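Peer 1: mind looking at a prediction? Sequence and model below.
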Amino acid sequence: MDTLQNMRAFVRVVEAGSFTAAAQHLNSTTAHTSRSVSDLEAHLRTRLLNRTTRRIALTEAGERYLQRCQQILAYVEQAEAEAGDAQARPAGKLRVHAMTGFGQHYIVPAVSRYQRRYPDVHIELTLAQRMPDLLDEGFDVSLTLATGLPDSGLVSQRLGNAFSVACASPAYLKRNGTPTSPAELREHRCVQILTPVFRADEWTFDGPHGEESIALGPATFQINVAEALAVAVREGMGIGLLPAYSAASGLRSGELVRILPEYTAQQLNVYALYPSRQYLDAKIRTWVEFLREELPLVLARDQAELGTFSRDRELSVCGFMS
């Protein structure tokens, strides 16, 4: 028995309202179409249609089965279309959201590389600190950083991880000394970033002794954007926890010094979120696949570079402070 073909006959009979009309649409005979539905009922051991000489009507089981058949046939049609390259070419507008600093440092360059591969995709990128409602706001994909994800019904792909590092300016360290443990941060001016993920006045470190949480005193300065916090740290306003991507340029130039180099803080997972796996558009599928291919390598490269900064700057700070 061809179950799939019998499903098509059943759905067509219901949609057409009669076996004769369905047979015409299927380029079949009324008898063959009727037999297909009867074979399906025999296979399921369930009556799907009540028949009279004048009309047909779905049974309760038939109504439920009809919905499933329609979904299954839609999946089959999509698979056939993709196999035939009908909808496999990425094209059109792709609306992407990303967290501000992360998007600026990683997603904008990724867009450039992606569009070289798929020039017919036009990307509209929105950078914002909040997590949008993808369905209400019409985003195709959101790149977000979080410790974990709530059960939202969205599809998620983990792309890597990110963390922050403690930084200060050489001038600040010359005036105030360099802390050698997280506990010593309580004796320093600490500028803080406001995020919905972490408490601004409590910094959690991962280091040689495992996880350490430090409660800080009242902040002299708080802000909600990492790039602006990096400016404050470079200006000598205090010690700050900067995402690695926000600290990198200042560490390269020597305007920032990484302190507590054996510690990282505020570990976050990087996720790509999109509404559904069903009928996934080629541009969404290829964008997520591209990020899965590239982003972990870029994140790992930049995180490895932080270790180089830590070793080099430790020597330069010692010379600067002597």
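Peer 2: Looks like it arrived, so ask away.

Peer 1: the residue nearest to residue 17 when sequence neighbours are not counted and residue 29, how far apart?
Peer 2: Nearest non-adjacent residue to residue 17, counting by CB to CB, 6 or more residues apart in numbering: residue 56, 7.2 Å away. In this view, the C-beta of every residue, glycine as well, is placed from N, C-alpha and C. Look at residue 56 and residue 29: by CB to CB, to the nearest Å, they are 17 Å apart.

Peer 1: please name the nearest non-neighbouring residue to residue 137.
Peer 2: Residue 137's closest residue in space is residue 97 (CB to CB, 6+ apart), at 7.9 Å.

Peer 1: does the one you found lie in a helix or a strand, and which?
Peer 2: Under the criterion of DSSP states H and E, residue 97 resides in strand 92-98.

Peer 1: alpha carbons of that strand, as PDB, please.
Peer 2: What follows is strand 92-98, C-alpha atoms only, in PDB (Å, rounded to 0.1, in the frame of the first residue of the first chain):
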ATOM      1  CA  GLY A  92      15.900  38.400  -0.300                       C
ATOM      2  CA  LYS A  93      16.000  40.400   2.900                       C
ATOM      3  CA  LEU A  94      17.300  38.800   6.100                       C
ATOM      4  CA  ARG A  95      16.500  40.700   9.300                       C
ATOM      5  CA  VAL A  96      19.000  40.000  12.000                       C
ATOM      6  CA  HIS A  97      19.300  41.200  15.600                       C
ATOM      7  CA  ALA A  98      22.500  41.100  17.700                       C
END
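
Peer 1: what does stretch 41-55 rub up against?
Peer 2: Contacts with stretch 41-55, where a contact means CB atoms under 8 Å, 6 or more residues apart in numbering, come from 1, 3, 6, 10, 13-14, 17-18, 37, 40, 56-59, 61-62, 65-66.

Peer 1: higher neighbour count, residue 56 and residue 29?
Peer 2: For residue 56 and residue 29, the more surrounded residue by other CB atoms under 10 Å is residue 56, and the numbers stand at 18 against 13.

Peer 1: wait, the more buried one touches residue 15, no?
Peer 2: No. Using CB atoms under 8 Å, residue 56 makes no contact with residue 15, being 11.3 Å away.

Peer 1: end to end on stretch 220-228, go ahead and measure it.
Peer 2: 15 Å (CA to CA, to the nearest Å).

Peer 1: show me where the chain has strands.
Peer 2: All strands of the chain, identified by DSSP state E, fall at 49-51, 56-58, 92-98, 121-127, 141-146, 155-168, 190-193, 202-207, 210-215, 222-223, 239-243, 257-258, 264-274.

Peer 1: which residue sits closest to residue 122 in space, ignoring its chain neighbours?
Peer 2: residue 93 (5.0 Å).

Peer 1: contacts only, for the one you found.
Peer 2: Applying CB under 8 Å, 6+ apart, we find residue 93 in contact with 121, 122, 123, 124.

Peer 1: what's the burial count for the last one?
Peer 2: This points to residue 124. Residue 124 sits with 12 neighbouring residues when counted by other CB under 10 Å.

Peer 1: ok, now which ones touch it?
Peer 2: Contacts of residue 124 by CB under 8 Å, 6+ apart are 93, 94, 95, 96.

Peer 1: ok, residue 60 - how many residues close by?
Peer 2: 10.
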